[in-house]
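# just need the structure, nothing else, for what follows:
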Amino acid sequence: MNNNQVHIEGTAGSHEPQKWWHRRWFVIICISAIVLTIFAIILSLILKFVVLAPKESDITIETLPSPATRISTEATITEIATQLSNWSNTYSMNYARRGHQACVLMNGKVLVSGGIGNDDHLSSAELYDLSTGIWTITGSMNDARFTHTSILINGKVLVTGGAGDKGPLHSAELYEPLTETWKPTGRMNNARRSHTISLLKNGEVLVAGGVINNGIALNSVEVFDSSTELWSTLTNMNNARYGHTASVLLNKKLLVTGGCSDHNTYLNSVELYDPSTDTWTTISSMNNRRYGHTASILKDGKVLITGGTSDVGEYLNSAELYDSSTGTWMTVNSMNHARAHHTASVLKDGNVLVTGGYAGGSVDTSELYDSSTGTWIHIVSMNYARAQHTASVLTNGNVLITGGIHYNQALNTVELY
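Here you go, the predicted structure:
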């Protein structure tokens, strides 16, 4: 019995060292696995962020064989970055159109009407919702028309004249945003296209000039009474003209500049209309004859004239200012690019954005006039070259560019500045 006890105790005692070594090896293996895992993680991080990371030389030196190329490349990179911040595409219109009109409504939406597409004159109209960037079809006009005019009056949009399938139109119509429908109003006394429309300080709407068949320019003027929706004639301008500009000044007078008269005679003549006396007065001429130019009223009341085409068929980059307090014209710095049939929009900061136009073909260039310094700033070009387009300053301060023509094709593309 005692021998058996001794044997059993001896056997048990001999197994204790084996169990201890088993446990020790297990701990060693676990620790080794943990160490290897940590080492693998550290190695992968070193490979990712140190060994395989792109070096500065990989970005600049290897892609820039010379200092001159470096400057050019950096300028291109800067321009692309500016383009992304300045111009962005938004949804296209439902119809391609040029020579159309765009009007910002009281609710902030933009109504685009008429124009000419790639096949025919358009009566269609559509609405842009700046909150969604989406275009929706709205009621069509009663007459297809392009090179017409439109203006917001009492919350409605008045459209006048333009060219239809059979030539210039007498007709005018009102768009009601609440019902999205068009209603004919009284007919103008003269059919006309390429005329101007202005909302006077007394609330009346004045149309001036334009052209009828056979290129005959008009000097006739008439006014729309929104209460009766009828037209009445006013005193004629001193010069017949179309493709001119008309600007309502702070002193309530109307400034009419340039344009084209009969037989393609380009004008530098300027006249002032006084609504209180129904009289036109010829004043100092512009420094350049111009047609297809723009006129913008600056915050200080001066009028900025840009571009256009001269009497020798030259596209102009010149600009000039009219000071109503002195009645004089002053030449200012020229634009960076010559252009005609472009757009000019006064931004909320008082600067003027000029876009597109013709210069031997449609152009995509755009630039800013700094009204505080009188200088032009070259900015990134639009995404599409275009002329005969529209530019609308939205309620959020952005500028909506729509349609136009490029390579004899009407556009439905739209972009935002």
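
# thought K253 was touching A246, still the case?
No: if you go by Cβ atoms under 8 Å, A246 and K253 don't touch, sitting 10.9 Å apart. Heads up, the C-betas are built off the backbone N, CA and C, glycines and all.

# tell me, what's touching those two both at once?
Common contacts of A246 and K253, defined by Cβ atoms under 8 Å, 6 or more residues apart in numbering, are absent altogether.

# who has more neighbours, those two?
Neighbour comparison, A246 and K253: the larger count goes to A246, with 20 against 17 (by other Cβ atoms under 10 Å).

# contacting residues for that one?
By Cβ under 8 Å, 6+ apart, the neighbours of A246 are 196-198, 206, 208, 254-256, 295.

# how much space separates it from T402?
Distance from A246 to T402, counting by Cβ to Cβ, to the nearest Å: 22 Å.

# just the buried ones among the contacts of A246, please.
Among the contacts of A246, the ones that count as buried by 16 or more other Cβ atoms under 10 Å are 196-198, 206, 208, 254-256, 295.

# ok, those residues vs D120, which is closest?
I197 (24.1 Å; Cβ to Cβ).

# the closest one: which element?
strand 196-199 (DSSP states H and E).

# sheet-wise, list the partners of that strand with their directions.
Sheet pairing of strand 196-199 (DSSP bridges) gives strand 205-208 (antiparallel).

# starting at the chain centroid, how far to the strand it pairs with?
26 Å (Cα atoms, centre = their mean, to the nearest Å).

# who's in contact with S310?
So S310 contacts 266, 288-290, 316 (Cβ under 8 Å, 6+ apart).

# got the phi/psi numbers for it?
Dihedral pair for S310: phi -90, psi 180, per degrees, to the nearest 10.

# can you check D262 too?
phi -60, psi 150.

# could you do L304 as well?
According to degrees, to the nearest 10, L304 has phi -100, psi 120.

# same check, this time on V346
phi -80, psi 120.

# that one contacts I297, correct?
Yes: V346 lies in contact with I297 (Cβ under 8 Å); the separation is 6.9 Å.

# pLDDT below threshold where in this structure?
1-30, 32-33, 35-85 (pLDDT under 70).

# what segments of it are helices?
Listed in chain order, the helices of the chain (DSSP state H) span 2-46, 56-59, 67-86.

# export the contacts of A246 to TSV and tack on distance to Y407?
Shown next, in TSV, are the contacts of A246 (distance: Cβ to Cβ, whole Å):
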residue	distance to Y407
T196	29
I197	30
S198	34
L206	36
A208	33
L254	37
L255	35
V256	33
A295	28
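
# number of residues surrounding the closest residue to K348 other than its chain neighbours?
The shortest distance from K348 to any non-neighbouring residue, by Cβ to Cβ, 6 or more residues apart in numbering, is to G397 (4.8 Å). Counted with other Cβ under 10 Å, residues neighbouring G397 total 10.

# what do you get for S88?
So S88, with other Cβ under 10 Å, has 13 neighbours.

# correct me, but N202 touches L254?
No: using Cβ under 8 Å, N202 is not in contact with L254; the gap is 11.4 Å.

# ok, back up a step: need the contacts of S310 in JSON lines (columns: distance to I212).
Output for these, formatted as JSON lines (distance: Cβ to Cβ, whole Å):
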{"residue": "Y266", "distance to I212": "19"}
{"residue": "N288", "distance to I212": "27"}
{"residue": "R289", "distance to I212": "22"}
{"residue": "R290", "distance to I212": "22"}
{"residue": "L316", "distance to I212": "27"}
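
# contacts only, for A217.
Per Cβ under 8 Å, 6+ apart, neighbours of A217: 209-211, 240-242, 259-262.

# ok, so of those residues, who is nearest K302?
Using Cβ to Cβ, the contacts of A217 come closest to K302 at G259, 20.3 Å.

# please report how far the residue nearest to the closest one when sequence neighbours are not counted lies from S362.
Leaving aside its chain neighbours, G259 sits nearest to H244 (2.9 Å; criterion: Cβ to Cβ, 6+ apart). Distance of H244 to S362, computed by Cβ to Cβ: 22 Å.

# so between those two, which is more surrounded?
Between H244 and S362, H244 has the larger neighbour count (other Cβ under 10 Å), namely 30 against 25.

# picking up where we left off before, which single one of the buried ones among the contacts of A246 is nearest to S371?
For those, the nearest to S371 is A295 (14.2 Å; Cβ to Cβ).

# is it true that the closest one touches L304?
Yes: here A295 reaches L304: they are 7.1 Å apart, a contact under Cβ under 8 Å.

# pull up the overlap in contacts between the two.
The contact sets of A295 and L304 overlap at A344 (Cβ under 8 Å, 6+ apart).

# if we can go back for a sec, anything in contact with each of N202 and L254?
P275.
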